[in-house]
Structures are given as structure tokens and as C-alpha cells.
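Engineer: just a sequence and a predicted model for now, questions to come.
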Amino acid sequence: MTSTRFRLSAIALAILTATATATATATATGGAVAQTAAVSAVTSPASYVPPLATAPMNRIVQDNAYKQLDYFFKKLVAEKEAVIIDGYAPFKSGDKFLPGKVAAGLGHVLLNSAKDDPSLPQRLRDYRDIADMTVGMDNHTWGIYYYIGTLVKLKEAGLLEQAVSPATLEKLRKQLDWRTFVTVPQYELINLPTNYYGVAFSIARLRMLMGWEDDSGAKILLDRMLTHYKKYSGKFGFSDETDGEGRFDRYSILLIAEICERFLETGLEPTPELKGLLRKAADIALNVGNTAGDGFSFGRSLGPYGETALVEILSVSAFLDVLTPEEKQYAYAFSSRVAARYMDFWYDPGMNSLDMWGKGRRTDAYRGKHRILGENFSLLHQLIYTNDTWNKAGMKDVAPKADLQAWLDKNRPQFSTTTFAQGEYDRALTIFRDGKHIVSLNIINGGSSQHDNSPYYPLPFAPGIVSGVADSGGTHAQLLPKFTMADGAQLIGAAWIKDIKTRQDGQRYTVSYRQDELDRLGKKGPVKDNRIKLQTTYTLEHGQLTRNDVYTPVGTQEVDKVVLEFASFSEQPTIKGGTVTFAKGDVGEYSVAGLQKCEVAPTNGSKDFMAPYGAMKSLVTCSTGKLTMKEPLTIKWTIKYQ
């Protein structure tokens, strides 16, 4: 691939020789054309094919997920609360969902056992012992939901009395209560995000099914849940993660599917209005569908959770006939790929565990490795109940369609825009499908605690090309120019987005928006700083992503420095002026215009540059020194990928 290198303003370029381990070379001359190095035959994340890609989802789950659960069952029976998983002691980790997740995970083993299985009586006795062991441990919110949902299923299967002793069941009746996190009679959540009304509603309905209370509390909680959803999803139907700050991520799209699931599991039929909202979520899920089994690429709590979220949306959509018969076939094919990917990419047989923490991967702090046992149970639970939903939707043991990529190319739009909110500030998600690459540009405000974390930046996220870093903060502002003002304030264009516009010109798509204030870093929430305005234009086309920023000072502004960083998965860089070419990886070339100097170095395994699915290899840093801004400053970067 050949491209014209962008010249870097009128200021002479300063070239830093990168280290030998990065195999970068620096050139002091300014050639007009930079030749992109040939990318080595290394598998792109987008081209990944799970070994079980052709297997039916039910077979993947039966032959793998249940074996993993059986391993943990036997380990817990042998080691009890002293259990150690890859060097961690889960019951000493403070994981306040763990008792419920243990109950759910091991409950699946019981529920999947044939009634005449000779090992079932011993498993029931072992389950009873473990329930006796965990009943005195802290178990909150989601843990309560997991536990009581399992009790209902055991009751329906006629196994409850054998699986849980009367004394423990009486303790659970008192403990597994939504009132532990909802005030009565105010029906207000106790220091929890508003989506927890859905958890409380589910627990109330499940308590009713256990015969522990009537449906009066559930009715009030249902009203609270739906009122909140309407208030913070507005006319577009996607729930703000905050009370109106404009944070829309994986969970904003998933929540309507969870609500429909809660209806179904407690014997209610989702309303036509809920099904209409679910269809909107299903469209996004289909638009990001792919053959690699990749999931959402933006926001927090990604890794396998970004993948299982899509399966949740699509499985319940299929069951409720929100999908067409043809869409159901290919949504199932994608779901099977996600399950196959989990068993190969995420599960490590050497650890006998899921691995979200090794191999250069990084998670949000609340999913740290101290929660390793609960995370295994949680994800296996998600795979099992979504598989059950697919089975009920008529897809049990059905071979997945082999032409998934061709169907996606033909039937899903190359470019789509989903509006989340409009008003003083706009929020939207644009998705660009470029062959096997899925580019997701999520233009939102991360809000309190997330505004400075790169998974919430308005970036064109795509596996192997551009990723955020969980809990990253603003120290390394991935692909956003960071202005350090003379007074020490650091500003990035991340939060106060207005007037999102999209345009198509043949196979080229543009997305533009403006910010009248930049986001001043350093506080828990975003802070407006109106010294510099920003107009941003993205151009998305085959094999190329371009961002053009025009920064306009209000009056004269003194700037100490401007720094632009790009942490890339590509390796073996060569630098010439403002252009870096890579010999290995999806990104073949990255070029910058508008800054004084660029340099490239290896990340050397730094945790600052780890994505949920693996480590970034190279860091390109472009910058300029002190300047007095009187006129607009244009900063432009282009990524060319294979």
C-alpha cells in the first residue's frame, strides 16, 4: 500500500530514533512519499476462526461449559472455602456476589443431570454442604438474584429439598430479599445505579414464585424500573447509564434485553412496546455481528462480557420473534461463534479457568482476578441460559450457517447511525462495516468516573486497530490531542459534544461534531473549559480512518504543550517524519499532521497499554512545545489498516 505522507506544519520536524527492539529507523529528510511496509502473514483479530466454529451452540455448551462447571464443583467439594484458583482465594476476596454465583453455577450441573444419573444423589448432597457453607457469607444484589433464580429452578425440577437443607433454606428466605437494597415504603435504591430496579424487580417476582411473598412489591418495582427506563432512554429507547450525563455503552444496549428476560423467567409476557425497543437493540447487535465472535469494542466491562451481551440480545430477540426467520438463523450462527470463541480464546485449559488477566489483557478493577471464581461462574451461566433460550427458539443442535460473513455483507448496512440522545448535547453510535473489520464510533460523555477513561472516548474502536484501556484515566489520552495550558490545566475533547452530523460520499462516510468546551481533566466528572473550541470530522473509508480536528482559541491562549498518543497493536515500526509504518499487525501506517515531532517506542508490556483482549505493542507520541494560540490549530491523524 502506498500513501502520501502528510507534511507536519511549517515547523521543522524533529525525528527521534526509536529503539532497536522496536526496529524503527528515523530519517531526517522529508521525502514526499512514504511506502507502507508489507504486513507479515499474521492472523488479524478480525480473521480469527474459533476451532469449534462449525459446531452447534448447544454442543459447544454441553461438551465444554458443563465440563468446566463440573471441575469447579469437584474442586469446591474438596477444598471448601479454602479453595485456590490460579493462586487466588476467592472466598477471601470480598466478592459480594460470589455465594449467588456459586449457587447458580453448581445448580446448572444439578439441573443438567439426568434423573437416573447415578452421580446425582452425591452431587445433591455436595450442593447441600456448599450451600450450608456459603449461607453465612455476604451476598448482595446480583448475587441474591443469581441465588434465588437457581432456587426457583431447583424447585420446579423437584430437587430443592434434596439440594438445600431446611435450616439453610429458611436463612435464605430472609437473606434473598430485594429490601436489602431498596427502601420501603419509599422504594428507593440504596446507593446504587438506577438499573438495579430491574434486579430488585426480578428478585421480588422470584420470591413470589418461591411462595415467600405476594406480587405487590414486584408491581411497584416494575413501575419504577419502566419509569426509569423511559426517563433516561428518552424517545430513542436506549438507557443512559447515569442520571442524564450522557453515558451510553454496552449496558445501555443490553438493558432492554435483560428486562425482557426478567419478564420471561418470572412468567410475564413482554409488552409490544418492550419488543419494539428490543428490536432497536437487536439491530445494533446484528450490525456489529462478525465471524470472529468479537463483541462490543467500546465502554467498560468488555472482554467476554462484550461478547455475551450480544448473545443475550439476539437470543431473546429470536425467542420473542423480534427477528425475522432468516435473521434468526444468522444471529444464531454469530452466537455460536461467540460460544466457540469463549472455549478457545478466553478459556485457558492450563489454568482450568477463564483468563481475562493474563496474555497482555486488562480488565476494569471491579472484575479483577481476585474475583476469578465468580467470573467463571457468571460467564458460564450467561452462556448456558442464552443457549437454553436458543434451544427454546428452535435452534437446539442446529448446525450454524456457514455463510455468515456473506450474509452480513449483503444484509447489514455498511454504515449505520443510532441516536442515543439529542438536545443541548448529542449522543450517538456509528458503525462502519469494512469487510471483516467492524468500526464502532461511540460519541458520548463518559460522565462521572468514566469521562477520562479511553474506552469512553469518541474513537473509531475496532479489534486489532483501535482500543481503549480499562480504567486508564487521562494520562495517556488514546488518539485525543491533550492540551496542557500555561496554568497547568489539561484539556481533551471528550465530553461536551454537539451537532453530530453524518454524510455519505460514495463509499466514504463522514461523521462531524463540535465542542464549545473541552473536558478539563483531574476531577471525577468532566469539567467544562471554554478557552478552546473544537470541530471534529471523521472520515471512514475502506482501509482508512481519518480524524481532522480544528482547535479554535477564544481570544489568545497560552499553551505549554500538546501531546497526541496512539498505542497500537502493530509492531516493527519505521518512522519518517510524521508517518510511522509497521511491518507486522493490522495497522500498516499511522500519520500525523499539525504537530512538531513524532517518535515511536515499544510498550514493553506496560499495563498502561493493554486492551481487554491483548497488549498493544507500539506507542507513537507526537507533540509540540509552547505556543501562543491566536489562530485555529489543525491536527490530523490517519490510520491505514489491512
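Structural biologist: Done, it's in.

Engineer: would Val600 count as being in a strand?
Structural biologist: Yes - per DSSP: H, G, I helix; E, B strand; the rest coil, Val600 lies within a strand segment.

Engineer: quick check: beta-bridge partners of it?
Structural biologist: Val620 (DSSP bridges).

Engineer: is it in contact with Leu619, as I believe?
Structural biologist: Yes - with contact defined as C-beta atoms under 8 Å, Val600 counts as touching Leu619 (7.0 Å). C-beta here means a position set from N, CA and C on the backbone, and glycine is covered the same way.

Engineer: so the closest residue to Ala486 other than its chain neighbours, which of the three states?
Structural biologist: Closest residue to Ala486 apart from its sequence neighbours, by C-beta to C-beta, 6 or more residues apart in numbering: Glu558 at 3.8 Å. Three-state assignment for Glu558 (three-state DSSP): strand.

Engineer: quick one, what contacts Glu558?
Structural biologist: Shown in contact with Glu558 (C-beta atoms under 8 Å, 6 or more residues apart in numbering): 485-486, 626, 628-629.

Engineer: which one of those sits closest to Glu571?
Structural biologist: For these, the closest approach to Glu571 (C-beta to C-beta) belongs to Lys626, at 33.5 Å.

Engineer: quick check: the gap between that closest one and Ala477.
Structural biologist: According to C-beta to C-beta, to the nearest Å, Lys626 stands 19 Å off from Ala477.

Engineer: quick one: which of these two has more around it?
Structural biologist: Shown here are Lys626 and Ala477; by other C-beta atoms under 10 Å, Ala477 has more neighbours (23 against 11).

Engineer: shouldn't the more buried one be in contact with Thr484?
Structural biologist: No - counting by C-beta under 8 Å, Thr484 is not a contact partner of Ala477; they are 11.0 Å apart.

Engineer: where do the contact lists of the two overlap?
Structural biologist: What both Ala477 and Thr484 touch, as defined by C-beta under 8 Å, 6+ apart, is the set Val563.

Engineer: next helix or strand past the helix or strand Ile384 falls within?
Structural biologist: In this assignment (DSSP states H and E), Ile384 forms part of helix 372-390. Beyond helix 372-390 on the C-terminal side, the first helix or strand identified by DSSP H and E is helix 404-411.

Engineer: list the buried residues of that next one.
Structural biologist: For helix 404-411, a neighbour-count test (16 or more other C-beta atoms under 10 Å) marks 404, 407-408 as buried.

Engineer: kindly report the same for stretch 472-486.
Structural biologist: Across stretch 472-486, burial judged by 16+ other C-beta under 10 Å covers 472, 474, 476-485.

Engineer: can you name the two of those that are farthest apart?
Structural biologist: Across those, the longest distance by C-beta to C-beta is 21.6 Å; it joins Ser472 and Met485.

Engineer: so what's Asn287 up against?
Structural biologist: By C-beta under 8 Å, 6+ apart, Asn287 lies in contact with 412-413, 416, 431, 433.

Engineer: just among the residues you listed, which is most surrounded?
Structural biologist: Scoring these on neighbours with other C-beta under 10 Å, the highest-scoring entry is Ile431 at 21 neighbours.

Engineer: look at that residue and report its pLDDT.
Structural biologist: Here the pLDDT value assigned to Ile431 is 98.

Engineer: which SS class is it?
Structural biologist: Ile431 is classified as strand under three-state DSSP.

Engineer: surely it touches His437?
Structural biologist: No - between Ile431 and His437 there is no contact under C-beta under 8 Å: 11.1 Å.

Engineer: for this protein, what are the low-confidence residue spans?
Structural biologist: Along the chain, segments meeting pLDDT under 70 span 1-42.

Engineer: follow-up on the earlier one: now secondary structure too, for the buried residues of stretch 472-486, in JSON lines please.
Structural biologist: Output for the buried residues of stretch 472-486, formatted as JSON lines (three-state DSSP):
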{"residue": "Ser472", "secondary structure": "coil"}
{"residue": "Gly474", "secondary structure": "coil"}
{"residue": "His476", "secondary structure": "coil"}
{"residue": "Ala477", "secondary structure": "coil"}
{"residue": "Gln478", "secondary structure": "strand"}
{"residue": "Leu479", "secondary structure": "coil"}
{"residue": "Leu480", "secondary structure": "coil"}
{"residue": "Pro481", "secondary structure": "coil"}
{"residue": "Lys482", "secondary structure": "strand"}
{"residue": "Phe483", "secondary structure": "strand"}
{"residue": "Thr484", "secondary structure": "strand"}
{"residue": "Met485", "secondary structure": "strand"}
